[in-house]
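Student: here is a sequence together with a model predicted from it:
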Protein chains: 2
Amino acid sequence: MDGITKWNAREGVWQMHAKKLKCWKCNWEGALAMKYECPVCGNSLEVVYDYEEVNKENLEKALSGCSGLWSFTELLPVRNPEHIISLNEGATPLYRSSEEFECQVYWKDETRNPTLSFKDRPNSVGISVAKEFGFQNVSIASTGNGGASLSAYAAKGKMQCHICIPESTPQGKVVQAEYHGAELVLCKGDYSDSYQYNKQQSEKNKWANMTSTYLNPYTMEGDKTIAYELFIQLGRKVPEWVVVPLGAGAMLTGIYKGFVELKRLGFCSELPKMIGVQAEGCAPIVDAWLNKQDEVQHWDKCRTIAGAIADPLKGYEKDGTRTLHCIYESKGAAVKVSDKEIMYWVKQLAERDGLFVEPASASAVAAIAQLLKERVIKEDETAIGIITAHGLKDSEELEKYIEHAREDG
Amino acid sequence: MDGITKWNAREGVWQMHAKKLKCWKCNWEGALAMKYECPVCGNSLEVVYDYEEVNKENLEKALSGCSGLWSFTELLPVRNPEHIISLNEGATPLYRSSEEFECQVYWKDETRNPTLSFKDRPNSVGISVAKEFGFQNVSIASTGNGGASLSAYAAKGKMQCHICIPESTPQGKVVQAEYHGAELVLCKGDYSDSYQYNKQQSEKNKWANMTSTYLNPYTMEGDKTIAYELFIQLGRKVPEWVVVPLGAGAMLTGIYKGFVELKRLGFCSELPKMIGVQAEGCAPIVDAWLNKQDEVQHWDKCRTIAGAIADPLKGYEKDGTRTLHCIYESKGAAVKVSDKEIMYWVKQLAERDGLFVEPASASAVAAIAQLLKERVIKEDETAIGIITAHGLKDSEELEKYIEHAREDG
């Protein structure tokens, strides 16, 4: 009936195959725990599974229909179903674009998640793991969507939620979190300042930190389920390109991890090329890629209409570096787009596809248009744009913009 | 993949079983057409099917899983699949309430529709019928949600959309419609004034009028699919009570029609009792019910936080009367609730269930609490509250309210 009920309908209780945490950079390994960085080199961590143990029959069943995030329990890091906190996330639609592009373009419509953004995936997994580890308090630094989402899950799971967001966060995202009963701190400065403040507070108070840069190693396990769903929805095919709007980029790396797992388990033989997109006014990862650098530098002053991806990475530049390396590994690309292009595609998606999205989402569409022009994406290929969040999440900005357009005639 | 693709996957092309229009009041019958009232008595119409012809095997298949509105084509009034305009509406979750009520309470979460309200159901069916009849222009008078929804469907179907809404409509709903490229007229006065203006304009310009009071006889066919889904999600059971926030009340009558059809086709032997809910500040139907009247009188000055159900029925009181008679027929009840109760339950739903809803939605919850107290709903019974639209649809009102609460300490 709801996520939990659907899950309970499966026979028996599963065996969890998540076995340890590993540093993405130096390969340090350690036990599963609420741990945020490698004790050796300070880089971020990832969850490692014993893939030999995965019950392929169960996974095959999950891959034969699209029935939500928690249908993929074979590859999720929760042991006890009673710890799952779900609001029926995932199983979002995949649409063929109404715009005539020269290649096959699809939108993965993450606006259809319970709190209207893709953040429900990482948060549902992250908070369930926190519950399993015995935490009663969760926290997050967010540009708004992540906080609105986590506060809803905390309410559902009867846990306390603490959120740090930049002062400039749109009211729509703030009001959601307030109604869900979260404790909100509006931080001066940009997202990086919120990130640091929340990190300190979480350490001091022993809250499980869900911040979905790469800080929390479990949240990416939610992001990766987008890969499983794309594989199902494309009729068991791997797309040539997956185009992802980037803050720090954990969603990009998560989706790639999902495909790598499918390949490792023998479900496919190809991997997609990952394209990361940022706004011109805040593009630290794209600039590093364009300059063929090995490491990402932080950005100084963010100026973009796409607030949800305005992450300057100040103090955690290494998270950008991890995304950069995932793009390199997948033989992908990084693209920056202007606010003007972004708003052009917001309007196009609304007028042609009936999709009303926040500016950050349209950056993926702008990138596809740009890469087709540059012949990076070829005619016979398939490209997926991840539509990250609903337009009503940032309706103030969208209202301002359309008022300007009206005044200009 | 999307609604259409899912549909196409069904073998062959179906035979439409919708046969004629019928006046709900005087039983006049006529051919299927874009017709808005009975030529004999001026009352509203409904779609009649040849139930003998319905392929029960197909319907059985549709009733064995919850895969969206257009899986119920056996009982929908569209002949040619190419005319279907879909954004993946329906298949919304049913949640057991986290609040401990004395009976079994579930929320049917219509916020999970593509434009975040239940209106996507009537509009998807209505606009598809309009396309089948050859219209290129659709129109609607709306308190906001209906217009935002229709504009998205018109964009997807490459049709032109004309919307009349009261000046006081929340910006969030206006901005959605603007982005989707609809022509918007902000009307002075209340919803009834918008209704009349749109009716005149639609007649003059020969637009298909989708106004979801009872004006358009096809839109209710979308509402009724909620009944089919409840039947599936409750494990093939009919709930004792279905609780519906009322404007004119077409959704209530639609849901009841869905259950009547299931009974007629032998899928169930019971029918639910329908409860209509209005805000104290605009309660024409509830007052008629409380006074055991046979006809509804219009309301003079609407004053409620629940704008989405503030319909004074001025000039189309007979639509309220139709709803009243459906409540009588089902042996249901009508309840009015205060803005204070409404906002209490908005907060409770957010804090306990992780659901962020607009005020009108919470009126259903307030009504259930009230009827349990009055022992109308009994301990061993099941009650469904229809959660009609997402909180971000009316975030201005919700912000104002929470700011007041903050100031009051």
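Tutor: Structure's in. What do you need?
Student: so what pLDDT did residue A:7 get?
Tutor: On pLDDT, residue A:7 comes in at 41.
Student: element containing the most centrally placed residue in chain A?
Tutor: Among the residues of chain A, the one closest to the centroid is residue A:251, at 3.4 Å (C-alpha atoms, centre = their mean). Using DSSP states H and E, residue A:251 falls within helix A:250-264.
Student: which residues sit against the helix or strand that that helix is followed by?
Tutor: Sequence-wise, the next helix or strand downstream of helix A:250-264 (DSSP H and E) is strand A:273-279. Identification of contacts with strand A:273-279 by C-beta atoms under 8 Å, 6 or more residues apart in numbering or on different chains yields A:240-246, A:249, A:252, A:255-256, A:284-286, A:289, A:304-306, A:309-310, A:323, A:326-327, A:330-339, A:342, A:360, A:363-364, A:366-367, A:371. C-beta: built from backbone N, CA, C; applies to glycine.
Student: show the buried residues in those.
Tutor: Neighbour-count burial (16 or more other C-beta atoms under 10 Å in any protein chain shown) is assigned, among the contacts of strand A:273-279, to A:240-246, A:249, A:252, A:255-256, A:284-286, A:289, A:304-306, A:309-310, A:323, A:326-327, A:330, A:332-337, A:339, A:342, A:360, A:363-364, A:366-367, A:371.
Student: cross those residues against helices and list the overlap.
Tutor: Among these, the members found in helices (DSSP state H) are A:252, A:255-256, A:284-286, A:289, A:323, A:326-327, A:339, A:342, A:360, A:363-364, A:366-367, A:371.
Student: sorry, back to before: just the buried positions in the helix holding residue A:251, please.
Tutor: A:250-262.
Student: just checking, residue A:334 touches residue A:290?
Tutor: Yes. Assessed by C-beta atoms under 8 Å, residue A:334 is found in contact with residue A:290 at 6.9 Å.
Student: since we're on residue A:50, how many residues are nearby?
Tutor: 12 (other C-beta atoms under 10 Å in any protein chain shown).
Student: isn't it right up against residue A:16?
Tutor: No. Contact criterion C-beta under 8 Å: residue A:50 and residue A:16 do not qualify, at 9.6 Å.
Student: so what's the residue nearest to residue A:269 when sequence neighbours are not counted up against?
Tutor: Of all residues not flanking residue A:269 in the chain, residue A:263 sits nearest, at 6.6 Å (C-beta to C-beta, 6 or more residues apart in numbering or on different chains). Applying C-beta under 8 Å, 6+ apart, we find residue A:263 in contact with A:269-271.
Student: what distance do you get for residue A:263 to chain B?
Tutor: The gap separating residue A:263 from chain B is 22 Å, by C-beta to the nearest C-beta, to the nearest Å.
Student: list the contacts for residue A:109?
Tutor: A:92-95, A:355, A:387, B:88.
Student: same thing but 10 Å
Tutor: By C-beta atoms under 10 Å, 6 or more residues apart in numbering or on different chains, the contact list for residue A:109 reads A:92-95, A:118, A:353, A:355, A:357, A:361, A:385-388, A:390, B:2, B:87-88, B:114.
Student: residue numbers of the stretch 151-300 of chain A in contact with chain B?
Tutor: In this structure, the stretch 151-300 of chain A approaches chain B at residues A:151-158, A:170-182, A:232-235, judged by C-beta under 10 Å from any C-beta of the partner chain.
Student: run a quick neighbour tally on residue A:269.
Tutor: Counted with other C-beta under 10 Å, residue A:269 comes out at 8.
Student: I'd say residue A:185 and residue A:194 touch.
Tutor: Yes. The pair residue A:185 / residue A:194 is scored as a contact, 8.0 Å apart, by C-beta atoms under 10 Å.
Student: of those two, who's got more company?
Tutor: Ranked by neighbour count (other C-beta under 10 Å), residue A:185 and residue A:194 place residue A:194 first, with 26 against 15.
Student: any idea how far residue A:67 lies from residue A:73?
Tutor: 12 Å (C-beta to C-beta, to the nearest Å).
Student: of these two, who's got more company?
Tutor: Using other C-beta under 10 Å as the criterion, residue A:67 and residue A:73 rank with residue A:73 on top: 23 against 20.
Student: and the more buried one, that's in a helix?
Tutor: Yes. According to DSSP: H, G, I helix; E, B strand; the rest coil, residue A:73 belongs to a helix.
Student: would you state the strands of chain A in chain order?
Tutor: A:18-23, A:29-30, A:45-49, A:94-96, A:104-109, A:137-141, A:160-166, A:183-187, A:208-209, A:241-245, A:273-279, A:333-337, A:382-387 (DSSP state E).
Student: and the stretch 1-150 of chain A, which residues reach chain B?
Tutor: Residues of the stretch 1-150 of chain A lying near chain B (C-beta under 10 Å from any C-beta): A:1-6, A:65-68, A:85-88, A:91-96, A:98, A:106-107, A:109, A:111-116, A:148-149.
Student: of those, buried ones?
Tutor: A:1-4, A:6, A:66-68, A:85-88, A:91-95, A:98, A:106-107, A:109, A:111-116, A:148-149.
Student: and stretch A:143-160, average pLDDT?
Tutor: Mean predicted confidence for stretch A:143-160 is 95.
Student: residue A:351 against residue A:98, yeah?
Tutor: Yes. Between residue A:351 and residue A:98 there is a contact at 9.1 Å, judged by C-beta under 10 Å.
Student: what touches both of the two?
Tutor: Common contact partners of residue A:351 and residue A:98 (C-beta under 10 Å, 6+ apart): B:155-156, B:158.
Student: which of those sits closest to residue B:205?
Tutor: Residue B:205 has its nearest neighbour among those in residue B:158, at 18.3 Å by C-beta to C-beta.
Student: show me the contacts for that closest one.
Tutor: Residue B:158 neighbours (C-beta under 10 Å, 6+ apart): A:98, A:351-352, B:85, B:131, B:136.
Student: roughly how far does it sit from residue A:391?
Tutor: Residue B:158 is 20 Å from residue A:391, by C-beta to C-beta.
Student: cool, residue A:115 as well?
Tutor: Taking C-beta to C-beta, one finds residue A:115 at 14 Å from residue A:391.
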